[in-house]
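**Student:** Coordinates for the following, if possible.
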Amino acid sequence: MLHQAIAAVTAWIIAVISAGSYAGVALLMAIESACIPLPSEIIMPFAGYLVSLGEMNLWWVATAGAIGCNIGSIPAYEVGKRGGRPFVARFGRYVLVSLDDLDRAERFFGRFGSLAVLICRMLPVVRSFIAFPAGMARMPLVKFHIYTFLGSWPFCLALAIVGRELGEAWHNSPRLQALFHELDVVIVAAILAGGIWFVWHKLRAARRDRTAG
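**Tutor:** Residues are numbered from 1 along each chain as shown. Just a heads-up that it's a prediction; the model follows:
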């Protein structure tokens, strides 16, 4: 059943990008940047894989991903600006955002100020939550979007390059194809374990926040 769930999510991501091309990439990255747990580590490498097939352009893929990050950051910024920490404490668990996530992002913002948006957008996990403290601090909106784009673009580019290189290796190396086929069960098990741990960790953090509140 879990294998089918992963297959369904993967199929949906593939369908969105295949149907929407660059707009599909932007849409999926917007969802991820709105703190909804849809991993960019799957979205951008698949787009990079399509680059290896000649169906998309690497630079436009990275740009579409960064634009999506900007679009998805708007709700998180506004929530931070208008609702602040109480809003996250009350409703964050519904999108698996805990106060620990917010604390981590706030520490980055407290240390680096506005530059934290640029820095964190190049880092996994915390990149999705940095918009909250930026909104709480009422960071100027134009600067926020400029830093979000400048930080998100190289992140998206790097993941797309990984997907492109793996795609090219896959098509050019029969031995690699055979190896991946042999390790298919192991890879699926690792993805399942990681996904289960992620959801369990988030649910436990949300429960702890609810108890503390």
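**Student:** ok, now how distant is residue 69 from residue 11?
**Tutor:** From residue 69 across to residue 11, the span is 24 Å (CB to CB, to the nearest Å). In this view, the C-beta of every residue, glycine as well, is placed from N, C-alpha and C.
**Student:** Between the two, which is the more surrounded one?
**Tutor:** Ranked by neighbour count (other CB atoms under 10 Å), residue 69 and residue 11 place residue 69 first, with 28 against 10.
**Student:** Provide the backbone phi and psi angles at the more buried one.
**Tutor:** phi -60, psi -40 (degrees, to the nearest 10).
**Student:** Which of the three states applies to the spatially closest residue to residue 128 that is not a sequence neighbour?
**Tutor:** Leaving aside its chain neighbours, residue 128 sits nearest to residue 35 (5.4 Å; criterion: CB to CB, 6 or more residues apart in numbering). Here residue 35 is recorded as coil under DSSP: H, G, I helix; E, B strand; the rest coil.
**Student:** need the contact list for residue 159.
**Tutor:** If you count contacts by CB atoms under 8 Å, 6 or more residues apart in numbering, residue 159 has them with 40, 41, 43, 44, 45, 48, 65.
**Student:** do you know how far the fifth one is from residue 64?
**Tutor:** Per CB to CB, residue 45 is found 14 Å from residue 64.
**Student:** now do the third one
**Tutor:** Plainly put, residue 43 is 10 Å away from residue 64 if you go by CB to CB.
**Student:** what do the two both touch?
**Tutor:** Joint contacts of residue 43 and residue 64 (CB under 8 Å, 6+ apart) are 25, 29.
**Student:** same question for stretch 39-51, mean pLDDT?
**Tutor:** Throughout stretch 39-51, pLDDT has a mean value of 84.
**Student:** correction: stretch 154-165
**Tutor:** Mean predicted lDDT for stretch 154-165 stands at 91.
**Student:** Tell me the buried residues in it?
**Tutor:** Neighbour-count burial for stretch 154-165, counted by 16 or more other CB atoms under 10 Å, picks out 155, 156, 157, 159, 160, 161, 163, 164.
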